[in-house]
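Okay, here's the prediction I keep looking at, along with the sequence it came from:
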Amino acid sequence: MAILVNEQTKVIVQGITGREGRARTRLMREYGTRVVAGCTPGRGGEAVDGVPVYDTVAEAVETHGAFDASVVFVPAPLVRDAALEGIAARIPLTVLVGDRVPVWDVLAIVRAATGAGVHFLGPNTLGCLSVGRGVLGMIGGRAASATSWFRPGVVGVASRSGGMTASMGYYLCQAGLGLTSLVHVGGESIVGLPLLEIVRRFEADPDTRVIAIFGEIGGSQEERIAEAIGAGEITKPVVAYIGGRAATSGVRFSHAGAIVEGGRGTHEGKVAALRAVGGVVVDSFDELPAAAAAAVARLEA
């Protein structure tokens with residue numbers, strides 16, 4: 001199985017006529033994703049690589065029926081309205097690729113998604129990829145790369161870093177492992193599906209046996225995973241690397257979601273919390289593939 005996306009996921013791309021929308025739609029389709037329609041206001045009636053374009057999400061739904069996921073490729077000031085349009089159509093998952101989305105806009109999206117009973121990934125996310133089944137967003141860069149880098153297996157990847165999501169998958173596979181799904185939760189201070197929610201989905205996925213995490217300083221996402229492990233909610237082995245060891249209070253590491261303030265969200269605190277409940281936290285990123293391989297071997301012993 002896989003989480004968030006598979007070959008049956010019916011997708012609409014909002015902002016499909018823009019440069020990123022066009023390029024990433026090609027990636028998704030070449031990887032096997034079922035992109036059925038696109039949406040750009042004022043561009044209805046056009047087509048992008050054979051995908052019909054509509055002025056609104058509602059028009060696309062009227063023509064093609066309900067969608068399972070929307071991927072949004074629009075500039076930050078337009079993300080709120082695009083996300084709310086997809087949420088109003090009750091699309092179960094919206095992927096918000098854009099970065100620097102105003103926090104008040106993200107809060108409005110959170111309220112709308114919660115009220116509609118749907119979910120969103122991001123903002124500032126590269127999306128998610130289920131190996132050999134589908135991709136939402138831009139993980140892998142090109143379909144040829146994604147196909148050659150990632151092979152199917154039993155490790156689920158959850159990451160707070162966009163670049164490290166693909167790197168984790170690549171090095172895990174180079175070490176002889178395979179993957180179920182890779183998910184970049186997004187780099188902003190507020191995200192729709194944080195690490196814990198992705199880990200919970202991996203916990204429920206029968207094909208995922210080990211969960212590999214790239215965490216960072218800032219926030220409390222990793223501590224919440226530790227709490228869930230301690231409470232018995234997460235029973236599968238968790239292997240993690242936490243970036244930002246050298247950062248001090250007030251230092252932002254890479255993006256808005258990774259900032260240490262007033263001693264909260266420290267590298268030391270996250271490592272200690274995970275280790276205290278039995279999680280394996282490596283000191284160097286290079287050690288992560290071997291730690292994941294050891295976890296898989298213990299399960300097979």
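Received it, and whenever you're ready, just let me know what you need. Quantities reported herein were computed from a predicted structural model and do not represent experimental measurements.

Every contact and neighbour count from this point should use C-alpha atoms.
Will do.

how does this structure divide up, domain by domain?
Taking automatic domain parsing as the reference, the chain has its domains at 10-121, 150-300.

Same list, those, but as TSV with distance to residue 3 and mean pLDDT please.
As requested, the domains of the chain are arranged in TSV below (distance: least, CA to CA, whole Å; pLDDT from 0 to 100):
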stretch	distance to residue 3	mean pLDDT
domain 10-121	12	97
domain 150-300	6	91
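
out of these, nearest to residue 138?
Residue 138 lies closest, by CA to CA, to one member of the domains of the chain: domain 10-121, at 6.0 Å.

So residue 67: helix, strand or coil?
Following DSSP: H, G, I helix; E, B strand; the rest coil, we place residue 67 in the coil state.

Can you report how many residues lie near it?
Other residues within reach of residue 67 by the criterion other CA atoms under 10 Å amount to 22.

Check residue 31 too.
Residue 31 has 22 neighbours, counted by other CA under 10 Å.

gap between the residue nearest to it when sequence neighbours are not counted and residue 69?
On the basis of CA to CA, 6 or more residues apart in numbering, the spatially nearest residue to residue 31 that is not a chain neighbour turns out to be residue 143, at 5.2 Å. When CA to CA, to the nearest Å is applied, the distance between residue 143 and residue 69 equals 19 Å.

and what of residue 208?
With CA to CA as the criterion, residue 208 and residue 69 are 22 Å apart.

same thing with residue 124?
For residue 124, the distance to residue 69 equals 17 Å [CA to CA].

Model confidence for the residue nearest to residue 31, exactly?
pLDDT for residue 143: 90.

residues in contact with it?
The contact partners of residue 143, by CA atoms under 8 Å, 6 or more residues apart in numbering, come to 27, 28, 30, 31.

Kindly reformat those as TSV and extend each row with secondary structure and distance to residue 223.
Rendered in TSV, the data for the contacts of residue 143 read as follows (DSSP: H, G, I helix; E, B strand; the rest coil; distance: CA to CA, whole Å):
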residue	secondary structure	distance to residue 223
27	helix	35
28	helix	33
30	helix	38
31	coil	35
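
Which of those residues are buried, as a PyMOL select command?
Remark: buried members of those, expressed as a PyMOL selection using 16 or more other CA atoms under 10 Å:
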select buried, resi 27+28+30+31
